[in-house]
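S.K.: Model the following, please.
(one chain, ligands or ions: 1)
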Amino acid sequence: MDIEYIYAAGDRICSDAQGQWLFSAPCCDHGVALEKYDLTLVPDHQVRLVILPESQSGGLSSGRGLRQLLSESEEQQFPLLSRAAQVVTWSRDHSYCPRCGGGLVHHQQDLAKECEACGLIQYPRISPCIITLVIRGEYCLLAQGIRFTEPRYSTLAGFIEAGESAEDALAREVREEVGVEVTNIRYHCSQSWPFPHSFMLGFFADYLSGEIVPEPGEIVDARWFHYSELKDTPIPPGFTISRHLIDAFLDECEAD
Ligand SMILES: [Zn+2]
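M.R.: A predicted model of the protein is given here:
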């Protein structure tokens, strides 16, 4: 059985000068590794993650960030890269037990860490979020968030709070961010989003009532876009679930 390898140093996935980050043979000394994890999800594709000290990452230290690696990778590699990045972040941030402060060691069976003192088990953290495209006939609602690093219009998204259903979270987020009520919420697809550990549940929702009022401090601008405007609008890149939702809406409009 062939094994593939992913390397990380600090909180960064390593890549070579060509941007390759998945290697079919070991390409450095694993004896210096700080941590090793088995990332295998399907039996016929064995993958190991090797976390190296920053000083030992050698030739695997090109300056590509995670977003660039994701944008350059094939779509079927997205889940593996996302998984590796999340495990690296989790491993870095979980050295001590949050209950008793004891040291954490690798769990025997699971991808997890276990407290040597009290036995508490820590799994990689996953934070569920909703992401939604609100539709009004041939129009969809896109917004520019205040934290966006470039001018771009995207779908609305937010974390699911403790005790909430995904549908309740969606209605609340849309109400908070743009002041609009929605109905006919329907699931489309999901994506594991490694910034740093979100799990995006993607929905469509139909407009019900209200005028757009962007939330101060969160949303710079929000408006209705006719589907024919979208090709001239800066929208998220192809590897994002936001784009999958927008493209599915476009396909449906253009088919009618
Ligand atoms: Zn403990």
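
S.K.: Now do the helices in the stretch 51-200 of the chain.
M.R.: Along the stretch 51-200 of the chain, counting by DSSP state H, counting those that start in this stretch, helices occupy 66-72, 78-93, 166-178.

S.K.: So what touches the first one?
M.R.: With contact meaning CB atoms under 8 Å, 6 or more residues apart in numbering, helix 66-72 is reached by 12-13, 15, 19, 21, 64, 78, 81-82, 85, 194-195, 237, 239. (Each C-beta comes from the backbone N, C-alpha and C, glycine too.)

S.K.: ditto for the second one
M.R.: Contact with helix 78-93 is made by 6, 8, 10-13, 21-22, 35, 37, 39, 41, 47, 49, 51, 66, 69-70, 73, 111, 113, 124-126, 191-194, 196-197, 239, as judged by CB under 8 Å, 6+ apart.

S.K.: Just put the helices of the stretch 51-200 of the chain in CSV and tack on mean pLDDT.
M.R.: What follows is these, written out as CSV (pLDDT from 0 to 100):
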stretch, mean pLDDT
helix 66-72, 92
helix 78-93, 95
helix 166-178, 98
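
S.K.: ok so, going back, make TSV out of the contacts of helix 66-72 and add distance to the ion.
M.R.: Output for these, formatted as TSV (distance: CB to the ion, whole Å):
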residue	distance to the ion
12	29
13	29
15	36
19	40
21	34
64	37
78	34
81	31
82	29
85	26
194	27
195	29
237	41
239	38
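
S.K.: Narrow those residues to those in strands?
M.R.: Among these, the members falling in strands are 12, 13 (criterion: DSSP state E).

S.K.: Considering the contacts of helix 66-72, which member attains the minimum pLDDT?
M.R.: For these, the least confident position by pLDDT is residue 64, scoring 87.

S.K.: Appreciated, that's everything.
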